[in-house]
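In: The following comprises the amino acid sequence and a computationally predicted model.
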Amino acid sequence: MGKAQRQKQKERNYLEIVEGLFRNKLNEEFPSGSIHVRESPDFVIELPTRRLGIEIIEMVRSKTVASQAGFRDKLVADAKRLCEEWSVKPLWVTVWIIGSFGQVEGRVAQKQFAERLAEVVRDGYEKLKTSHDSCHQLDDPLPGVRRIQIHLLPKGEHRWEWNPGAVWVSSLSVEDIQTRVTKKNARYEQYRRDCDECWLVMVGDSCDYQKGSDISLNPLAITHPYDSRFERIFYLQLYDELIELRTL
């Protein structure tokens, strides 16, 4: 499956979640009809008296936050590579990173951090080899790291990942939402060529570091009336919250 197909499947999953939450959260039935996959808008639902368009967008963090995530990816990947070079057996390593990493600036500091992380994991692996446990947890092993958890894998390859924890979850501002709505407003006429009305669904996920926001942390973002050309706009907070936002 190519990238475009994976994206379209993800959008279809979002639409199914919206359908499932509609009655429980909004006290009305989701419009029932044949769903056609499109590009602009993403979906068109054939109803008895009209064609309803659904455009879906993900609320992704700023490029600065995304680059910070990539920075953490690289540090963990470098440590993983070192353990592989040291012939450490396959491990599932989760690194809970909560610091700003201001102390890891420059290539030398980053190299030293990756080496220290690899050493900590290797030492934890050695302890696992001499115990009956399958998991070893290290508390406060490094500055900026809250916890490291190590699982022995019976076979396969190393699996290393980092987890930002709840500290990376941020609130959504009115400006965040209005900026995305305004951007989509510019394409509203294009969407309407294939439908009689169009709804906008914004998707957030507090467990995904690329999205990492929670609309409930800012009540004003829920009650504020947005300048929108769409007939209705919704905020889907994965996986169990659906809010209809007000429009002017």
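Out: Cool, the structure landed.

In: Break down this structure into its helices, ranges please.
Out: Taking DSSP state H to define them, one finds helices in the chain at 3-26, 63-85, 107-129, 174-185, 188-192, 219-223.

In: could you list every residue that touches P48?
Out: Neighbour list for P48: G33 [criterion: C-beta atoms under 8 Å, 6 or more residues apart in numbering]. Quick note: C-beta positions are derived from backbone N, CA and C, even for glycine.

In: count of residues packed around A109?
Out: 12 (other C-beta atoms under 10 Å).

In: Check the gap between it and L75 for me.
Out: According to C-beta to C-beta, to the nearest Å, A109 stands 10 Å off from L75.

In: just Q110 next, same as before
Out: Counting by C-beta to C-beta, the gap from Q110 to L75 is 6 Å.

In: the more surrounded of these two?
Out: For Q110 versus L75, the count of surrounding residues by other C-beta under 10 Å is larger for L75: 21 against 16.

In: ok, that one touching E115?
Out: No. Assessed by C-beta atoms under 8 Å, L75 is found out of contact with E115, at 10.5 Å.

In: Contact partners for Q178?
Out: Per C-beta under 8 Å, 6+ apart, neighbours of Q178: 226-227.

In: ugh, wrong one, I meant R159
Out: Taking C-beta under 8 Å, 6+ apart, we find R159 in contact with 90-93, 153.

In: CA atoms only for stretch 186-202, dumped as CSV, please.
Out: Only the C-alpha atoms of stretch 186-202 are listed here, as CSV (Å, rounded to 0.1, in the frame of the first residue of the first chain):
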residue,chain,number,x,y,z
ALA,A,186,-9.9,29.3,0.8
ARG,A,187,-10.8,25.9,-0.9
TYR,A,188,-14.4,25.8,0.1
GLU,A,189,-15.7,26.7,-3.4
GLN,A,190,-13.6,23.9,-4.9
TYR,A,191,-15.1,21.4,-2.4
ARG,A,192,-18.6,22.6,-3.3
ARG,A,193,-18.2,21.7,-6.9
ASP,A,194,-18.8,18.0,-5.9
CYS,A,195,-21.4,18.5,-3.1
ASP,A,196,-24.3,20.7,-2.0
GLU,A,197,-22.8,21.4,1.5
CYS,A,198,-19.5,20.5,3.1
TRP,A,199,-18.5,19.7,6.7
LEU,A,200,-15.0,20.1,8.1
VAL,A,201,-13.6,17.5,10.6
MET,A,202,-10.4,18.4,12.5
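
In: buried ones in it?
Out: Going by neighbour count (16 or more other C-beta atoms under 10 Å), the buried part of stretch 186-202 is 188, 191-192, 195, 198-202.

In: Closest one of those residues to I56?
Out: Set against I56, the nearest of those by C-beta to C-beta is V201 (4.8 Å).

In: Quick check: the closest one touching E16?
Out: No. Taking C-beta under 8 Å as the definition, V201 is not a contact partner of E16, at 11.7 Å.

In: Tell me where this structure is predicted with low confidence.
Out: Within the chain, the segments meeting pLDDT under 70 span 1, 61-69, 98-104, 132-134, 139-141, 164-170, 207-212.

In: quick one, what contacts I35?
Out: Taking C-beta under 8 Å, 6+ apart as the criterion, I35 is in contact with 15, 43-46.

In: re the thing from before, nearest to L142, of the buried residues of stretch 186-202?
Out: Closest approach to L142 among those (C-beta to C-beta): M202, at 36.4 Å.

In: Give me the spatial nearest neighbour of the closest one, chain neighbours excluded.
Out: The shortest distance from M202 to any non-neighbouring residue, by C-beta to C-beta, 6 or more residues apart in numbering, is to Y235 (5.1 Å).

In: Just list whatever residues bridge to the one you found.
Out: Per DSSP bridges, the residues bridged to Y235 are M202, I243.

In: Then I148?
Out: V95, L138.

In: and the gap between it and G124?
Out: Per C-beta to C-beta, I148 is found 7 Å from G124.

In: likewise K10?
Out: 35 Å.
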